[in-house]
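Colleague: Build the 3D model from these lines:
(4 chains)
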4 protein chains.
Amino acid sequence: MSHTIKEKTKLLARVRRIKGQVEAIERALEAELGCADVLMLVASVRGAVNGLTVELMEDHIRNHVVDPAHEPDPERAKGAAELIDVVRTYLK
Amino acid sequence: MSHTIKEKTKLLARVRRIKGQVEAIERALEAELGCADVLMLVASVRGAVNGLTVELMEDHIRNHVVDPAHEPDPERAKGAAELIDVVRTYLK
Amino acid sequence: MSHTIKEKTKLLARVRRIKGQVEAIERALEAELGCADVLMLVASVRGAVNGLTVELMEDHIRNHVVDPAHEPDPERAKGAAELIDVVRTYLK
Amino acid sequence: MSHTIKEKTKLLARVRRIKGQVEAIERALEAELGCADVLMLVASVRGAVNGLTVELMEDHIRNHVVDPAHEPDPERAKGAAELIDVVRTYLK
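Modeller: Numbering: from 1, shown residues only, chains lettered A, B, ... in the order given. Below you'll find the predicted structure:
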């Protein structure tokens, strides 16, 4: 299995929130809201997609590469923790 | 009105395609697909959201600021055409 | 001329600051600083380059397309002001 | 030591190329080149900074987390190889 049950629940909640935000853009276009307002809705989807990406990468590192919390080799644990920080800095 | 009918139809098609892509991520998580596969689906949403952003900005420039195709002042027409190129380069 | 004297001075100061940040990355690599530290320096260059991009786009809109502060047509002035907001939201 | 000698040489060459590109922006501003031309130079710096980021992250994963080429655990080797692909997709 790829994610723990707890992670899966959190990820699904994020994805459904993004779907709701995309539906809000659809309604805004149908209601002929101004371009600038639609663009602000799109910016919020972009932010939410970046947040989802960070969470998925972090889960991938912890579950399939090295989990800093359970790795016995201290060098690898440090390397993985730093990597998670870097991913957060770059993608958020 | 904020967009022409033709633009609105194109934008709505793009947004509905993005909704379909988000639903594919939802199904992938429910089916417990691997993280790396889910991340590739998320990358395609990110690309589609950037494409939608470029189209909305371009429509905004043409409809609410300066349309290079119909602007009588040649300096402004050139400035707006360059701006559209720059937006495409930076956001795609 | 493409920028006012005041804008040019500000832009040159930004670019020289970015050059200094790139030189700091060079020294960090020569001194064999850890990857994670170097990546944080690179993240700050990325942020500074985005800031420079926003300033250049804003100057371009004001000087070569529509300056919201001096445009007699209120629709265009509003459209250009919204565009500057959108550019700031997306690129910062 | 944080990078191999070979990696360090490649990274330093990339950083010096970026410094050269930043100096080209400086000269373009001093020569009062048009905004749109300066913005295209800035876009090329942005691309080069993203390339440097990918290379540094990849080196970090290989040297400090898991090197897919030398990892005895096949699950971890696969996880790290997928992570490197994902980083390339998202940051390039």
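
Colleague: Which residue is the nearest non-sequential neighbour of A:Ile84?
Modeller: A:Glu58 (5.5 Å; Cβ to Cβ, 6 or more residues apart in numbering or on different chains). Using the backbone N, CA and C atoms, a C-beta is placed for each residue, glycine as well.

Colleague: same deal with A:Glu23?
Modeller: Per Cβ to Cβ, 6+ apart, closest to A:Glu23 is B:Lys19, 6.7 Å.

Colleague: which stretch of helix or strand covers the one you found?
Modeller: helix B:5-30 (DSSP states H and E).

Colleague: which bits of chain A sit near chain B?
Modeller: For chain A, the residues in contact with chain B (Cβ under 8 Å from any Cβ of the partner chain) are A:1-3, A:8, A:11-12, A:15-16, A:18-19, A:22-23, A:25-26, A:29-30, A:32-36, A:38-39, A:42-43, A:45-46, A:49-50, A:52-53, A:56-57, A:59-60, A:63-64.

Colleague: What score does the residue nearest the centre of chain A have for pLDDT?
Modeller: Nearest residue to the geometric centre of chain A (Cα atoms, centre = their mean): A:Leu52, 1.4 Å. You'll see A:Leu52 listed with a pLDDT of 97.

Colleague: Helix, strand, or coil at it?
Modeller: Recorded secondary structure, A:Leu52: helix (DSSP: H, G, I helix; E, B strand; the rest coil).

Colleague: which residues sit in contact with it?
Modeller: A:Leu11, A:Arg14, A:Val15, A:Ile18, B:Val42 (Cβ atoms under 8 Å, 6 or more residues apart in numbering or on different chains).

Colleague: Among these, which one sits closest to C:Tyr90?
Modeller: A:Ile18 (17.7 Å; Cβ to Cβ).

Colleague: Tally up the residues packed near the closest one, please.
Modeller: Residues contacting A:Ile18 under the criterion other Cβ atoms under 10 Å in any protein chain shown number 24.

Colleague: My guess is it contacts B:Glu23. True?
Modeller: No - A:Ile18 lies out of contact with B:Glu23 (Cβ atoms under 8 Å); the separation is 10.2 Å.

Colleague: who's sitting farthest from the centroid in chain A?
Modeller: Distance-from-mean max, chain A, by Cα atoms, centre = their mean: A:Glu32 at 29.9 Å.

Colleague: what are the phi and psi values for it?
Modeller: Main-chain torsions, A:Glu32, degrees, to the nearest 10: phi 60, psi 40.

Colleague: My guess is it contacts B:Lys8. True?
Modeller: Yes - with contacts counted by Cβ under 8 Å, A:Glu32 reaches B:Lys8, the gap being 7.5 Å.

Colleague: what does chain A put close to chain C?
Modeller: A:34-36, A:39-40, A:43, A:46, A:82-83, A:85-86, A:89-90.

Colleague: Show me which of the residues you listed are buried.
Modeller: A:Gly34, A:Cys35, A:Ala36, A:Leu39, A:Met40, A:Arg46, A:Glu82, A:Leu83, A:Val86, A:Thr89, A:Tyr90 (16 or more other Cβ atoms under 10 Å in any protein chain shown).
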